[in-house]
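Asker: Structure, please.
(chains A, B, C and D)
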There are 4 protein chains.
Amino acid sequence: MTTLRELPELVALGGSRHLVRIPPETDVPLTPRVRQLIDTPEFRRLREIGQLGLVSLVYPAANHTRFEHSLGVYRMALLFLDRLADNGRFASTIEPKDAERFLVAALLHDLGHWPFCHPIEDIQLSKIPTHELFANSFLLEGEIADTLRDEWDLQPRQVMELLSGKPRDRGTRILRSLLSGPIDVDKMDYLMRDSLHAGVPYGRNFDQSRLIQSLTLNEMGDGLAITDKGKTAAEMMVFARYVMFSEVYWHHAVRAATAMLQRAFLMLHASLDIDALFRMTERSMIETMLKASGDGPAGELLDGLFGPTRRLYKRVAQYSLFQSPQIYQLLARKPYPWLVRCAENFAAVASTALSKVVAPHEVLFDAPPVELEVEFRIEICFPKENCYRNLEDISPVVKTLAREQFDDYVKRVRIFAHPRLAKDLRSLGRLPDLIAEAAAMAN
Amino acid sequence: MTTLRELPELVALGGSRHLVRIPPETDVPLTPRVRQLIDTPEFRRLREIGQLGLVSLVYPAANHTRFEHSLGVYRMALLFLDRLADNGRFASTIEPKDAERFLVAALLHDLGHWPFCHPIEDIQLSKIPTHELFANSFLLEGEIADTLRDEWDLQPRQVMELLSGKPRDRGTRILRSLLSGPIDVDKMDYLMRDSLHAGVPYGRNFDQSRLIQSLTLNEMGDGLAITDKGKTAAEMMVFARYVMFSEVYWHHAVRAATAMLQRAFLMLHASLDIDALFRMTERSMIETMLKASGDGPAGELLDGLFGPTRRLYKRVAQYSLFQSPQIYQLLARKPYPWLVRCAENFAAVASTALSKVVAPHEVLFDAPPVELEVEFRIEICFPKENCYRNLEDISPVVKTLAREQFDDYVKRVRIFAHPRLAKDLRSLGRLPDLIAEAAAMAN
Amino acid sequence: MTTLRELPELVALGGSRHLVRIPPETDVPLTPRVRQLIDTPEFRRLREIGQLGLVSLVYPAANHTRFEHSLGVYRMALLFLDRLADNGRFASTIEPKDAERFLVAALLHDLGHWPFCHPIEDIQLSKIPTHELFANSFLLEGEIADTLRDEWDLQPRQVMELLSGKPRDRGTRILRSLLSGPIDVDKMDYLMRDSLHAGVPYGRNFDQSRLIQSLTLNEMGDGLAITDKGKTAAEMMVFARYVMFSEVYWHHAVRAATAMLQRAFLMLHASLDIDALFRMTERSMIETMLKASGDGPAGELLDGLFGPTRRLYKRVAQYSLFQSPQIYQLLARKPYPWLVRCAENFAAVASTALSKVVAPHEVLFDAPPVELEVEFRIEICFPKENCYRNLEDISPVVKTLAREQFDDYVKRVRIFAHPRLAKDLRSLGRLPDLIAEAAAMAN
Amino acid sequence: MTTLRELPELVALGGSRHLVRIPPETDVPLTPRVRQLIDTPEFRRLREIGQLGLVSLVYPAANHTRFEHSLGVYRMALLFLDRLADNGRFASTIEPKDAERFLVAALLHDLGHWPFCHPIEDIQLSKIPTHELFANSFLLEGEIADTLRDEWDLQPRQVMELLSGKPRDRGTRILRSLLSGPIDVDKMDYLMRDSLHAGVPYGRNFDQSRLIQSLTLNEMGDGLAITDKGKTAAEMMVFARYVMFSEVYWHHAVRAATAMLQRAFLMLHASLDIDALFRMTERSMIETMLKASGDGPAGELLDGLFGPTRRLYKRVAQYSLFQSPQIYQLLARKPYPWLVRCAENFAAVASTALSKVVAPHEVLFDAPPVELEVEFRIEICFPKENCYRNLEDISPVVKTLAREQFDDYVKRVRIFAHPRLAKDLRSLGRLPDLIAEAAAMAN
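Answerer: From the prediction side, this is the model:
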């Protein structure tokens, strides 16, 4: 094989055979060796894991799967590759073999995702692996590994390293930046797809095709960049991501459900076989957790989420950096166990204030996690001026989104409580004082 | 309450409170008493039942739920009611109480659906209830029944009768025609929704808003009709339904999966607790059937559908009325057990012809079922000429779709076989003769 | 140059430079030599000619230009070529030079269109050229001809022959079938574009991408065909065209306007410099006709269409083959001058019946023209069975649309009259008798 | 009439009669008295005036008319009214008569627009009226005035005052804020419509329906506000407007055309009958200007825009506040005549530098005009906290868009030159110095 464009997967891009259809009216072309990866048990397991987990408790149609998303990401990888094949620096660095490794990595990037992966990772328990590492067990053994070796002539370890290793050479750094960065094949797909299934316009419409047309390499030649023609589209994508966080991913009721799950998992995790649990489908994992929790507090929390009657905790109060800088800074970016202690202290304090029993698990504190998620460092290339600038440096609106709007305004500190308590707690006059008191006790 | 427009559900239609969002960017307004129905265990069970069942094996994103669809149908019912409230004959016949009964019936119309309901009903086993009758157990007892009585002041039996009883009075006949007919709230939603999630354009775009604007009553005043302004939109909807059958519902690979499930269910049903089975979620039902089937032929079939590795039977041959009238008429619209005997005979005959063991369950015959599904009897009203005509009588294209295209061209007779046999069977020269021989033996 | 894919226009298809944007979010790539054709006065004239002429009197947003449409057709030609380049028989017959001729022909196919071209052609006056022939004067001389020779190395006459000559060789027959046939680059664009600008869903959504994927050659290898994967999409396109005729192109108010223009043009044409007129922009042509018509009947008709106050003739009656076979057959497919005589006779007869002066031009008869427009002869290729069948023969719905629905149901015979008369005429009891009488007098 | 909802126009909103269709698949209901306004010569003139003027030289499909836009704004006014009719404070202040005045004002808001209105207003010539004042002559006399008095029982002066007078009472202030403000019926329509016709996704998709659902009154009760549920949608609309400015309205080639027209108009205006000119259609105005300009410099400029061959000036350089604060501040927000002097001085200086004649009109300076266009002062209402906050104060991203991104980044200072000169001028090393020199001479 001599050129990128001759890869069978790229040839299939314009063809009419072996297509699988996914929304929004998108054909994903599957060559036989891609089909074989998709038909493995490891990959088919993604059919039973929801892309958005607890979001579907609030947006009831948002139960699309990681299987569908993975197909979408794979196709996006084809489009990226098809575009960059025209780029001299890219084409002279990336061999067809590297491109195959990239395509496989894009298809398999979520292989290690277990159900409710992100909320559980955010608890930061020492014995919980990252999903990237957890993926390795699926990649390095079993049918996937066999298929990679036999049909793709690829070493599973090479794919693993592209996904989660430290990139050593320039080619790997480039490919990694396509898989994970401010504008990557994953986000290009999920913003649009989550938006579509939730039934909202927010994450679509950032001019995907313009963005793809504008793909190029950065000044160093070791990562993705965007030409100036795509600058506005890049701003639109950053903005779309902000709106998706604001209205969907960090919707207050979604956060209530998330806080309930995290609290229950913390109580249960010691008694669970984590490795077995994380290999289950979403439904089996729920049933396993329900069984393990019995009638205790964890069971009560899980029953409100997954039992026959939905019973989400209610929002008692919320604090953004803007509205209430003091409380926000008191609670945001703190380790999860500390936050739990705070909430339990608060339950005790509130019991006294209300003259009413408030069980420790009936109040939940939710706050932005330790790690910031949002990263917008991407270069814009101005071919006429032959210069590269960071998007943040030339776009005040992106800078504002990155530095202020996202974490300070969207990701708020919130106090949730069992429905039977919410009204009483809301009517407590000096809530901020009680919170401060609970926090002081937790230190 | 004096008028239809004052029903709290209709008032909420334009409001901004208590909205639930579903695709495509649709807000469903939920009044408290609607919310209470939705939060019952009986209704929440629909979250775990796919709208399209086996279709998702072919269109992998089509795993939207009956819960989402039911919300869509409920909203469509609001739109129908809002429109017909302007119609003098409708408004003078349908009391607000009747309208409440209709809204509840629309929301709950799928309550009795069990997973893979339609393929199982098509087997026509004597002990299998229709899903309409099965719904009664959910309607007449439990939280739904309580909520209807306490919050809606409705007798559950009234809702049941509207859904599945024989309509006695004119008002009930009208409301029934909105729930079930050529143009009803159910089809208006599912054509669009199935299309959206499958990722195809076929079932959308039949000018829904024009159709709703054109709603009126028929000449007798006891059923839904369409004014002449909506005639073309009605034709478009009929055509959209044809295309959805052709490309999605009766896609050959979907039919292969359906034939596999039906065959397995026939083998298993005697050993299953049907009533318990039909109350399960989709996932539990699959697991129960897998467990019951063990290593036998039924287990082999189910494993190909739901096991870790997808293994659908392959199409050996297909026959439409047009291409092969003789074989078509030999096999179409026959009782399912007879069709199974045919297939088993064929397996035996083929064993001889191929000099190779063909197990009885390794060949499946799929053919249009006994009952025709397609019905287009709806009147078009010409207000200027003050006359009503049947759509079929004034639209050659609808007549053709109804009489020829649908059952004769879309619903074909198909022979499926285990992948290991398909190629050999295809190469047998005198397939039609062998089929005829197998059919003769079955009589 | 060795292969089709190396044509600079095809290379530009996936690129990001020199794009022009048209709805619906479509980038048209313009190479320098395409840009030069577009910037000629002959082509820029199309900016001032509406695609739908009088339709914009009824759908007020439908004033998109032939310039926009031509860009859309050019892009569709690129997509067709890109797809067929994979087809062995196509690629071995069509040289890159032929493909260039085809692209240019697609871009320039409407060059000879004058404002209100189709209604005027339908009058069938002997001295009116067809727009295909009229195009030759633009093609064979001036800047277009220079650009073709200098930048494309093409003889203008070759392009002309591809557009309107009798195709002599197989290659030309193939290319002609892409430009003009049941599924061609022109219809693929205009159905969608007219639909979009009119604001209706009818002409979109026929699964364009599926249709393009399915392009192939017919059995003889001398014309376009569709593989069986595209059969349903082809049916959808035929159906979409029917709906566009029914709801837009032959909308009764559009036909009223058309009948008014035709009648006025018939009166005026002897006094107009046709060749000069047909080279004008739409606005200039209207002003020239208004000036030529003065205060006479033609002026009255044109003033109702283009004057400061819109005053369309009203529909008095309409007759389809289905409703009124006798009158339909009496008037349909008759020469336009004969139809005018009928209408004038009818005006005289009606004057008597109403005891009121009805001027000859105050009643207009509109009927399907002599030539049938609809042609659906396209082959469907079944690669597995290695056979080709005519779409009509295997699709009852297409056959019905072609033979019955289109001309007999959509294109009706209609009687229009000046608004001051419409009510009186409608109330005349024996309208059919009067029409028959008027027709008898005209023979 | 007792309530807002009983206004015939609001009643017609859900009906099926007298609808006019405009994109995107929108029905505008026309009551007879609305129809009569639309059929006047004054209103029909808007059919011949493009909404976007010179933008169509760059986005060739963007030639939608002010007629279409006015229908869209009228429908948006119906939706606003329908929503606010539920608002107690609104309903108790706004009488049905006021609401009629508002609907008429929305429909007629662009009546005074002449072709290329905004670029000409930006020149700020003393004898040029604003288009709001110019509208008065159309409103206060002629058929519009008659229809308002006879069919609507409204005094034309009342409508005029609502559109352009100083609002004296609370009701008028409220209605004015619906017609003109950060979120008004005009912008809600044009962002979406301009986007649709240009073929770009930028101005659509800001969740219009959510925004309409969130409409309320501000704290003072004298202007429009948005509830917190609509805050994100409001941010999206502000962002959409930014992107439309960046990519469409202030696209560099659009600005080149604008600068050419402004320069030509400045030269010609003394010899034109302005009042007559502004009453013309776009086409007539162009022809009148071409005739007046003869062979001189103005004629050369206009010929490049509207002549048979498009010949836009090329961008020589551009300066944003960010890139080049000095030049930006030197030229931005200066009176237009001063800017012209600068450009002429520059032409002289450049002649010397290039040793080549550069005529005074062959270089054009384009810079943000004196008046800032962007205004985002709208209150967000938090009903739970019972407080109102300015959107800018609680949304860093809106503040950044308003204060920095818009005028400093989108609206750049640009130097355009005749194509024959652009390359030479670009190669002049010390362009900024020459510009500074030219500016110093102009003071």
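Asker: pLDDT averaged over the helix or strand hosting A:Leu339 - what is it?
Answerer: Assessed by DSSP states H and E, A:Leu339 sits inside helix A:336-354. Averaging pLDDT along helix A:336-354 yields 95.
Asker: Repeat that for stretch A:386-405.
Answerer: The pLDDT scores in stretch A:386-405 average 88.
Asker: and it, how far apart are its ends?
Answerer: Length of stretch A:386-405, first residue to last, C-alpha to C-alpha, to the nearest Å: 32 Å.
Asker: Now do that stretch: everything it contacts.
Answerer: Contact partners of stretch A:386-405, identified using C-beta atoms under 8 Å, 6 or more residues apart in numbering or on different chains, comprise A:182, A:218-219, A:225-226, A:231, A:234-235, A:238-239, A:242, A:374-382, D:239, D:242, D:322, D:395-397, D:399-401, D:404-405, D:408-409. Just so you know, the C-beta spots here come from the backbone N, C-alpha and C atoms, and that holds for glycine as well.
Asker: In this structure A:Met188 contacts A:Arg75, no?
Answerer: No. Under the criterion of C-beta atoms under 8 Å, A:Met188 makes no contact with A:Arg75, lying 10.0 Å away.
Asker: quick revisit: identify those among the contacts of stretch A:386-405 that sit within helices.
Answerer: A:Lys231, A:Ala234, A:Glu235, A:Val238, A:Phe239, A:Tyr242, D:Phe239, D:Tyr242, D:Pro396, D:Val397, D:Lys399, D:Thr400 (DSSP state H).
Asker: Leaving out chain neighbours, which residue sits closest to the last one?
Answerer: To tie it back to what came earlier, the one meant is D:Thr400. Sequence neighbours aside, A:Thr400 is the residue nearest to D:Thr400 in space, at 4.1 Å (criterion: C-beta to C-beta, 6 or more residues apart in numbering or on different chains).
Asker: Likewise for the fifth one?
Answerer: With sequence-adjacent residues excluded and distances taken as C-beta to C-beta, 6+ apart, A:Phe239 is closest to D:Phe239, at 5.4 Å.
Asker: Run a quick neighbour tally on that neighbour.
Answerer: Neighbourhood size, D:Phe239 [other C-beta atoms under 10 Å in any protein chain shown]: 24.
Asker: Local confidence estimate at it?
Answerer: So, for D:Phe239, pLDDT stands at 93.
Asker: separation between it and D:Gln405?
Answerer: Going from D:Phe239 to D:Gln405 by C-beta to C-beta, to the nearest Å gives 9 Å.
Asker: And for A:Leu331?
Answerer: Applying C-beta to C-beta, the value for A:Leu331 to D:Gln405 is 32 Å.
Asker: And A:Tyr202, by the same measure?
Answerer: Taking C-beta to C-beta, one finds A:Tyr202 at 20 Å from D:Gln405.
Asker: A:Val363 too?
Answerer: 41 Å.
Asker: neighbour count winner among those two?
Answerer: Neighbour totals were compared for A:Val363 and D:Gln405, and A:Val363 leads with 29 against 25 (other C-beta under 10 Å).
Asker: in the sheet, who's paired with the more buried one?
Answerer: Applying DSSP bridges to A:Val363 gives these bridge partners: A:Ala417.
Asker: Up against chain B, what does the stretch 151-300 of chain A have?
Answerer: For the stretch 151-300 of chain A, the contact set with chain B under C-beta under 8 Å from any C-beta of the partner chain comprises A:Leu196, A:His197, A:Ala198, A:Gly199, A:Val200, A:Pro201, A:Thr281, A:Arg283.
Asker: Please apply the same query to the stretch 1-150 of chain A.
Answerer: Contact residues, the stretch 1-150 of chain A versus chain B (C-beta under 8 Å from any C-beta): A:20-26, A:39-41, A:44-45, A:47-48, A:59-61, A:63-65, A:67-68, A:71.
Asker: now the strands for chain A?
Answerer: For chain A, applying DSSP state E gives strands covering A:19-22, A:26-29, A:215-217, A:224-227, A:314-319, A:363-366, A:379-382, A:387-390, A:413-417.
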